[in-house]
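*Asks:* What follows is a protein structure lacking sequence information:
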């Protein structure tokens, strides 16, 4: 049975949304076990009193320390009693198949990279983020923050990892890979992307350069970039969506007719919110490691945690690591 | 009287929207002259037959060639009969104070940089783009495409130019300058931005690192980045806005109630459209040159051309070049 280690303490809102999401996941899906790592009393507070049905599927591993968002990621290796350290080590020691954390993402990344380890021939793990597309599907952007300064071979590896993930988890038979650039022509790009373009051309799935708007139009499934650019793209997208929603809300308040209109359009807005809500995906996988690591948003609600757990299950079932390793061997 | 040279031929839709916008500008504002550069017959087609009132304010300079969007920017120096070459040379030869073009932006950039020339101590001109903010104001992002690979001193100069422009043209008394990065903390950034941060700290207007979403929340007025990143931010923003508008339109069509709602909300949508419509700004100034150069969108409609002309007038009136030069001297 798949076992998932869950850092119950690291999120912005403490144990409540995480434990609640964990319980929802257990009731909604069978065939997996959860280990909640953290302060036992805190965790117990949010667990149902009667949970006999869950007893074989739910464990608690005590940990006395929590890495907070303000802590520096360099200290984490000394804080062996922290919930994220313990959760990662459950995977390292073979007690769990995957780790999910809504805590300090830098800490999760460093610990997972060094204590779980990288897939052979992968130089750097990458965080992959789901983006909504016009046709109601998903595209995958990586890296969105693990590596701010990249070399061409890193971007090449991101392309391979993204392709495997898109095929196995998003279920796209022949995923198309694009390189994020300042124009679609082959000649466009900066020094890094021009050199990366030459390497990526070796992949049959590579469709060339794509632009910022192509992330959302479904023209490719996987968009490769360095972590600095990926972070900016993510934050810019959030900013635009927020600004538009803010704008609509403010104007609606000013007019009775618009209020009536908004009520009638409620369902459309609800669907739109769902489309851009990260809780629907749950978290971002850290690709390139020897075991599944899912980084969830610090502000995750129970639904986001539940979906992050489901994502981890698909990842383990899909045997992503072996498939990335195999793909690398064949190139 | 201020004279503006307008490339009448370079846009995606030929002379019609450009000449129409030019005439609108002349009727709407006094105190400036226009020189339309291009095929005389084509231009005449869209000019009003009776235009005695405009006769002192409207000239045509014949040119027999047009640089198309497919042409390479390296050929432009040989194509001396092209409308953009002629328009730029009107400024070079003191016949005009500013040039506006909706043509091939790479060609406009190369020609203006080499034939009009850079302000002393400015190594690279930068394209500045207007972005809408939540509070209904504008922020300025630069560079959005002139320089894909930058050095720290370039980003430092962009900061100075952006500050001057924001003060003189946007009317912000004490503009705040931010450096686009992958986090707000001083320690965040890639190699380029970390080195640029140290230089920008010399400016009293510099407020440190900002993230992608800060472009739209009004926390700073000027956002500095290299042209590769700036282009991605711009295209990503367009993509998100388009996706949201597409989504709403599609869903509305599926439900009679939502159609009624949308009709009631029409005014809100119209205001939103206005907020994100580039035609409202007209074009992007190429900052750092010895004379005003405005790069308009290839798909500019008459309104965008009119506003680009008005922007050029403010630029010349604001004496931006001297102010940038002065600011550089004092640092």
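*Replies:* Perfect, I can see it now. All values reported here derive from a predicted model rather than from experimental measurement.
*Asks:* make it CA atoms for all contacts and neighbour counts henceforth
*Replies:* Fine.
*Asks:* Would you report the backbone torsion angles of residue A:131?
*Replies:* phi -120, psi 140 (degrees, to the nearest 10).
*Asks:* Hmm, it is touching residue A:140, no?
*Replies:* Yes - counting by C-alpha atoms under 8 Å, residue A:131 does reach residue A:140; the two are 6.1 Å apart.
*Asks:* Neighbour count: these two, which is higher?
*Replies:* residue A:140 (24 against 21; other C-alpha atoms under 10 Å in any protein chain shown).
*Asks:* Could I get the full set of helices for the stretch 151-300 of chain A?
*Replies:* Assigned by DSSP state H, counting those that start in this stretch, the helices in the stretch 151-300 of chain A fall at A:152-168, A:191-200, A:227-253, A:256-264, A:266-276.
*Asks:* can you redo those as CSV with mean pLDDT and mean neighbour count?
*Replies:* Below are the helices of the stretch 151-300 of chain A laid out as CSV (pLDDT from 0 to 100; neighbours: other C-alpha atoms under 10 Å in any protein chain shown):
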stretch, mean pLDDT, mean neighbour count
helix A:152-168, 97, 24
helix A:191-200, 97, 19
helix A:227-253, 87, 21
helix A:256-264, 80, 19
helix A:266-276, 73, 16
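*Asks:* Could you export those as CSV, including distance to residue B:29?
*Replies:* CSV is the format used below for the helices of the stretch 151-300 of chain A (distance: least, C-alpha to C-alpha, whole Å):
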stretch, distance to residue B:29
helix A:152-168, 52
helix A:191-200, 45
helix A:227-253, 31
helix A:256-264, 35
helix A:266-276, 42
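*Asks:* Wait, residue A:158 touches residue A:123, no?
*Replies:* No - using C-alpha under 8 Å, residue A:158 makes no contact with residue A:123, being 10.0 Å away.
*Asks:* Please enumerate the shared neighbours of those two.
*Replies:* Common contact partners of residue A:158 and residue A:123 (C-alpha atoms under 8 Å, 6 or more residues apart in numbering or on different chains): none.
*Asks:* now chain A, which segments are flagged as low pLDDT?
*Replies:* Counting by pLDDT under 70, the ranges of chain A that qualify are A:275-279.
*Asks:* all strands of it, in order?
*Replies:* For chain A, strands defined by DSSP state E occupy the ranges A:2-7, A:32-38, A:58-62, A:98-101, A:126-132, A:138-142, A:177-180, A:206-210, A:222-224, A:284-287, A:292-295.
*Asks:* Would you mind measuring from the residue nearest to residue A:147 when sequence neighbours are not counted to residue B:209?
*Replies:* Spatial nearest neighbour of residue A:147, chain neighbours left out: residue A:227 (4.7 Å); criterion: C-alpha to C-alpha, 6 or more residues apart in numbering or on different chains. Distance, residue A:227 to residue B:209, by C-alpha to C-alpha, to the nearest Å: 16 Å.
*Asks:* How about residue A:288?
*Replies:* 30 Å.
*Asks:* ok, these two, which is more surrounded?
*Replies:* residue A:288 (29 against 24).
*Asks:* what's near enough to touch the closest residue to residue A:141 other than its chain neighbours?
*Replies:* Of all residues not flanking residue A:141 in the chain, residue A:223 sits nearest, at 4.7 Å (C-alpha to C-alpha, 6+ apart). Contacts for residue A:223 were tallied using C-alpha under 8 Å, 6+ apart; they are A:139, A:140, A:141, A:142, A:159, A:177, A:178, A:179, A:180, A:210, A:215.
*Asks:* Narrow those residues to those that are buried.
*Replies:* A:139, A:140, A:141, A:142, A:159, A:177, A:178, A:179, A:180, A:210, A:215 (16 or more other C-alpha atoms under 10 Å in any protein chain shown).
*Asks:* May I have the beta-bridge partners of the third one?
*Replies:* What that stands for is residue A:141. residue A:129, residue A:223 (DSSP bridges).
*Asks:* Confirm for me that it is in contact with residue A:130.
*Replies:* Yes - applying C-alpha under 8 Å, one finds residue A:141 in contact with residue A:130, separated by 6.5 Å.
*Asks:* surely residue A:160 meets residue A:325?
*Replies:* No - in this structure, residue A:160 is not within contact of residue A:325 by C-alpha under 8 Å, at 9.7 Å.
*Asks:* give me the number of residues near residue A:49?
*Replies:* Residue A:49 - counted by other C-alpha under 10 Å - has 8 other residues nearby.
*Asks:* For residue B:20, see how far away it is.
*Replies:* 75 Å.
*Asks:* Could you do residue A:140 as well?
*Replies:* Distance from residue A:140 to residue B:20, by C-alpha to C-alpha: 43 Å.
*Asks:* which stretch among the helices of the stretch 151-300 of chain A comes nearest residue B:331?
*Replies:* When the helices of the stretch 151-300 of chain A are compared by C-alpha to C-alpha, helix A:227-253 sits nearest residue B:331, at 29.8 Å.
*Asks:* could you give the angle of that closest one to strand A:126-132?
*Replies:* 30 degrees (axes from the mean of the first three to the mean of the last three C-alpha atoms, to 10 degrees).
*Asks:* who does helix A:227-253 touch, helix- and strand-wise?
*Replies:* strand A:138-142, helix A:256-264, helix B:227-253, helix B:266-276 (3 or more C-alpha pairs under 8 Å, 6 or more residues apart in numbering or on different chains; DSSP states H and E).
*Asks:* Go again with 7 Å.
*Replies:* helix A:256-264, helix B:227-253, helix B:266-276 (3 or more C-alpha pairs under 7 Å, 6 or more residues apart in numbering or on different chains; DSSP states H and E).
*Asks:* The second one vs helix B:266-276, what angle?
*Replies:* On the basis of the same axes, to 10 degrees, helix B:227-253 is oriented at 170 degrees to helix B:266-276.
*Asks:* Residue B:30 versus the residue most central in space within chain A, what's the distance?
*Replies:* In chain A, the residue lying closest to the centroid (C-alpha atoms, centre = their mean) is residue A:284, at 0.2 Å. Shown here: residue A:284 relative to residue B:30, a distance of 57 Å by C-alpha to C-alpha.
*Asks:* cool, and residue A:237?
*Replies:* 41 Å.
*Asks:* Next: residue A:76.
*Replies:* Per C-alpha to C-alpha, residue A:76 is found 66 Å from residue B:30.
*Asks:* For those two, work out which one has more neighbours and name it.
*Replies:* Each of residue A:76 and residue B:30 has its neighbours counted (other C-alpha under 10 Å); residue A:76 has more, 21 against 10.
*Asks:* which bits of the stretch 101-250 of chain A sit near chain B?
*Replies:* Proximity of the stretch 101-250 of chain A to chain B is confined to A:134, A:148-149, A:182, A:190-191, A:211-213, A:216, A:228-229, A:231-233, A:235-241, A:243, A:247-248 under the rule C-alpha under 7 Å from any C-alpha of the partner chain.
*Asks:* I'd like to know which of the contacts of residue A:223 is nearest to residue B:12.
*Replies:* Looking across the contacts of residue A:223 and measuring by C-alpha to C-alpha, the closest to residue B:12 is residue A:210, at 21.4 Å.
*Asks:* Contacts only, for residue A:188.
*Replies:* Residue A:188 is in contact with A:181, A:182, counting by C-alpha atoms under 7 Å, 6 or more residues apart in numbering or on different chains.
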